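[1] Sequence first, predicted model second:
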Amino acid sequence: MFGGLREKLQAARNRLGSSIQAVVAPAEPQVPQPVSSETPAPVLREIPDASVPDEPKPVRFFDKVKTLIIERELIVSEKDVADALSELEITLLECDVALPATDAIIDQVRNGLVGRHRKIGESVDTLVVHALKNALLEVLGTGFDLAEYIREHNKPVKILFTGVNGTGKTTTVAKIGHFLKKQGFTVVIGAGDTYRAGAIEQIGVHADRLGIKIIQHQEGADPSAVLFDTVQYANSHKIDVVLADTAGRFHNKANLMNQLDKIKRVMKPDLVVYVDEAVAGNDAVTRAFEFDKTVGADAVVLTKADMDSRGGAAISIAHTIGKPLMFIGVGQSYDDIMPFEPAQVVDDLLEGGA
Amino acid sequence: MLDGLSNSLKDAMKKLAGKTVVDRAAVDELVKDLQRALLSSDVNVKLVMELSKAIRTRSLDEEPPKGMTVREHVLRIVYQELVRLVWASTEVKLEPQTILMAGLQGSGKTTTTAKLARYFQKKGMKVGVICADTFRPGAYDQISTLCTKIHIPCFGNPKEKDAVRITREGLEALKDQELIIVDTQGRHALEADLIQEIVDLNNLTKATHRWLVIDAALGQQASEQARRFHEAIGIDGVIITKMDGTAKGGGAMSAVAETKSGIAFIGSGETVEDLERFDPDGFISRLLGMGDLKALMEKANEALKPEDVDVNAMMKGKFTLRDMYKQLEALNKMGPLKQIMGMLPLGNMQLPEGVYDVTSTKMVRYRIIMDSMTPGELDDPALINSSRMQRIAHGAGATPDEVRELLKYYKMMQRTLKGLRGGGGPGGGKFNMQRLMKRFSGMQ
């Protein structure tokens, strides 16, 4: 799903690289200008080392020249990268990274670049890739190994799926059921979406096809009761994993969120998984935040990643709630789900780099 | 519902309203704010750039019309360009026709199909629905359950895998109906065989309308997807769904711009009644902080008798317990208070969150308590002293605390509505630039 993002990032990277090269290089032959009055004599200032500075310090021309002469290095200034960064900003926005997340990443890259000392001969590209990579990894965090988690915890492991309407919770439950079954776990599904017409039939058909036991009540029944029964069933039949489907709900509907809270109290899930779609735009931030705040979220599943999406939602959600992305859904069949590995994805995005 | 976008836009406007001279810097600043506001509402990046360029150029180049201050001039341009962005409203005729629904997975096609069926049914048409979603398990159960509830014939066959065949049989079976809506499977533009399927369905049904259903939360993908659907079957209208969440529908705006069509309806709730006609003037007015009286009236006319809610009296700030009683009664028919308030011309006033926090069970309690009041008390709640309060509580089987809580709620509502006095007023929903200008001038 990150195809588009990769392309754009490559372009942004080249742009960043060349703008640093272009601006820094001609600065060399210039004669140091008199230090202006508001600038204290920087003679005694400690020269920051090559690691990322905690806060961007204003890079003065004097420093630049001094570093150039003494250490044979160049300092990247904020001005050097401003244009390229604003281009990167547009790139991220075009890839559906929400505005707040975009701002954060840009800041991070700026901090990673500005004030950096570049050894003459060190490739600009390395510097840029490094900064981008750090920023993305920082945001995406580490992945989440579900199978490992289940092995390490007391059975049954109860997993509750939440999210707004139409993101693909039911399909995801079926896919994860299939995934876990292939890993040798026993699984039971609780049909907790008792609201939407046809939802019970939908998950029922999935469970039948996959040969997974399903616990279901009537349409309109109390979802907490259904899921409680599911947990009971798992306990008495020594089932490894309980997958609890729920009805889609909007985070601004207090009553529905309270219902989810009740479900949580009743079934005591080990994991709350928040499901959203890869094609969502800025709202991904708002709703992830609200869901995390009201019912919590331990991991995230991103669906519909096959829709030519740029994957920005992954970055937005990860930035907002800081929870690991567990799986991405990439198609309509049961096998179309893959574990998410941030390091690999980031390498892939910036491939050909450092 | 468009709170987020309209708030950021209002902030941007406010900044401009504070300026005495509109110079290049001021316009640039506004355009920058506008860009951020639109971007964070998921409007397509390219579209935002075009829009802001047009506003900048026109603001600086065009001569302001006589009698209009420079500031009003810029605001007018912003308004015009925004209207241009959402295009015209799609015409919906009440005549025999076939409507083909298209959209991505999970955008809400099936729910919207039922809502549309209900909409046309209420307008007095004979409606039938064909379920051509042969892929998703439970799809037929879903649409047939919804249709049964509103007594609309629904044709489908969960065993059949050929959508074209089902549709052909469906058209035959429902040939007595005036209006047929074909619900289709969710698909995205990269699934070539599914795109071919919908092309086939379009050729078969010779659909009068091909409507694209777009989730309000859809991001930058909206343009691209809309373009591909448009190339395949020629989209002539967009329906925005899930507008009751916090998403702003900027993606749908981009889709409309891409297909050169209009927004036919917006869906904003989970019941079959939660569908509104889209009205671009109202949409923009609401965006800019003007209430959308027209939509409220339309909804009110359908659900209520005129005496049920006296908006005019409310607007004048005269709001008694009796009005609140009527409002509570009307609530079931009109939907949640927040939805109704969103349509009133509240200007840029923020309502205290507490106003909405009253749950429906509490509403029922309140009505029972008010049933125990005398007409005099209903007209003038100030009469209610502690002994009257005891009596009311006794009569309603409630505690005096509950009565006190009700009065507190009433006072909050009253305060809120008082703030509206002089704002907007019932103008039949016609957008009035002058009035908008006055409101903006008053804001600084």
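    Sure thing, it's come through.
[2] For residue B:209, list the residues it contacts.
    If you count contacts by C-beta atoms under 8 Å, 6 or more residues apart in numbering or on different chains, residue B:209 has them with B:90, B:97-100, B:236-237, B:264. Placement of C-beta: from N, CA and C, glycine included.
[3] Among the residues you listed, which ones are in strands?
    Members of the contacts of residue B:209 lying in strands (criterion: DSSP state E): B:97-100, B:237, B:264.
[4] one step back: now pLDDT too, for the contacts of residue B:209, in a markdown table please.
    Compiled in a markdown table, the contacts of residue B:209 are given as follows (pLDDT from 0 to 100):
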| residue | pLDDT |
| --- | --- |
| B:90 | 70 |
| B:97 | 93 |
| B:98 | 94 |
| B:99 | 94 |
| B:100 | 94 |
| B:236 | 89 |
| B:237 | 90 |
| B:264 | 88 |
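[5] out of those residues, who has the most neighbours?
    Within these, most neighbours by other C-beta atoms under 10 Å in any protein chain shown means residue B:100, with 26 neighbours.
[6] Residue B:374: how many residues sit nearby?
    If we define neighbours as other C-beta under 10 Å, then residue B:374 has 12 of them.
[7] So what does it have for phi and psi?
    Note on residue B:374: backbone dihedrals following degrees, to the nearest 10 are phi -80, psi 160.
[8] now it: how far from residue B:389?
    Separation of residue B:374 from residue B:389 (C-beta to C-beta, to the nearest Å): 13 Å.
[9] same deal with residue A:238?
    Taken as C-beta to C-beta, the span from residue A:238 to residue B:389 is 60 Å.
[10] Which one of those two is surrounded by more residues?
    residue B:389 (18 against 9).
[11] residues contacting the more buried one?
    B:400, B:403-404.
[12] Pull out the buried residues from these.
    Among those, the ones that count as buried by 16 or more other C-beta atoms under 10 Å in any protein chain shown are residue B:403.
[13] could you redo the contacts of residue B:389 as a markdown table and give each row distance to residue A:98 and pLDDT?
    A markdown table is the format used below for the contacts of residue B:389 (distance: C-beta to C-beta, whole Å; pLDDT from 0 to 100):
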| residue | distance to residue A:98 | pLDDT |
| --- | --- | --- |
| B:400 | 49 | 88 |
| B:403 | 46 | 89 |
| B:404 | 44 | 88 |
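[14] Take the contacts of residue B:389 and keep only those in helices.
    B:400, B:403-404 (DSSP state H).
[15] Closest one of those to residue A:304?
    Among those, residue B:404 lies closest to residue A:304 (C-beta to C-beta), at 50.4 Å.
[16] and that closest one, how far is that from residue B:390?
    The gap separating residue B:404 from residue B:390 is 11 Å, by C-beta to C-beta.
[17] next one: residue B:74
    Distance from residue B:74 to residue B:390, by C-beta to C-beta: 60 Å.
[18] one step back: out of the ones in strands among the contacts of residue B:209, which two sit at the greatest distance?
    Farthest pair in the ones in strands among the contacts of residue B:209, by C-beta to C-beta: B:98 and B:264, 14.7 Å.
[19] Need the three-state assignment for residue A:263.
    The three-state assignment at residue A:263 reads helix, by DSSP: H, G, I helix; E, B strand; the rest coil.
[20] how does chain B divide up, domain by domain?
    B:3-86, B:97-278, B:293-418 (automatic domain parsing).
[21] how about those domains, which one is nearest residue A:247?
    domain B:97-278 (9.3 Å).
[22] pLDDT-wise, which helix or strand of chain A ranks last?
    helix A:61-66 (a mean of 63; mean pLDDT, DSSP states H and E).
[23] List the contacts of the closest residue to residue A:250 other than its chain neighbours.
    Excluding the flanking residues, the one nearest residue A:250 by C-beta to C-beta, 6 or more residues apart in numbering or on different chains is residue B:245, at 4.3 Å. By C-beta under 8 Å, 6+ apart, residue B:245 lies in contact with A:164, A:250-252, A:283, A:287, B:216-217.
[24] Low-confidence stretches in chain B?
    Residue ranges of chain B with pLDDT under 70: B:1-22, B:64-72, B:75, B:87-89, B:279-318, B:327-361, B:416-444.
[25] For it, just list every one of the strands.
    B:97-103, B:127-132, B:154-155, B:179-184, B:209-215, B:237-241, B:263-267, B:275-277.
[26] follow-up on the earlier one: out of the ones in helices among the contacts of residue B:389, the closest to residue A:143 would be?
    So of the ones in helices among the contacts of residue B:389, ranked by how close each gets to residue A:143 (C-beta to C-beta), first place is residue B:404, at 54.2 Å.
[27] residues from the stretch 151-300 of chain B in reach of chain A?
    B:188-190, B:215-221, B:224-225, B:241-242, B:244-248, B:250-251, B:270 (C-beta under 8 Å from any C-beta of the partner chain).
[28] all strands for chain A, in order.
    With DSSP E as the criterion, chain A has strands spanning A:73-75, A:117-119, A:157-162, A:187-192, A:213-215, A:241-246, A:271-277, A:299-303, A:325-329, A:337-339.
[29] Which secondary structure elements does the fifth one sit against?
    Other elements packing on strand A:213-215 under the criterion 3 or more C-beta pairs under 8 Å, 6 or more residues apart in numbering or on different chains; DSSP states H and E are strand A:187-192, helix A:199-210, helix A:223-236.
[30] residues contacting the closest residue to chain B within the stretch 51-200 of chain A?
    As assessed by C-beta to the nearest C-beta, chain B sits closest to residue A:198 within the stretch 51-200 of chain A, at 2.7 Å. If you count contacts by C-beta under 8 Å, 6+ apart, residue A:198 has them with B:110, B:138-143, B:145.
[31] Chain A next: which of those are close?
    Checking those against chain A (C-beta under 8 Å from any C-beta), the matches are B:110, B:138-143, B:145.
[32] okay, now the closest residue to residue A:159 other than its chain neighbours: neighbour count?
    Leaving aside its sequence neighbours, residue A:159 sits nearest to residue A:271 (C-beta to C-beta, 6+ apart; 4.6 Å). Per other C-beta under 10 Å, the neighbour tally for residue A:271 reads 21.
[33] what about the closest residue to residue A:138 other than its chain neighbours, distance to residue B:377?
    Leaving aside its chain neighbours, residue A:138 sits nearest to residue A:108 (6.3 Å; criterion: C-beta to C-beta, 6+ apart). Remark: distance between residue A:108 and residue B:377 (C-beta to C-beta) = 62 Å.
[34] got the residue ranges for the helices in the stretch 51-200 of chain A?
    A:61-66, A:78-94, A:99-113, A:124-140, A:146-152, A:169-182, A:199-210 (DSSP state H, counting those that start in this stretch).
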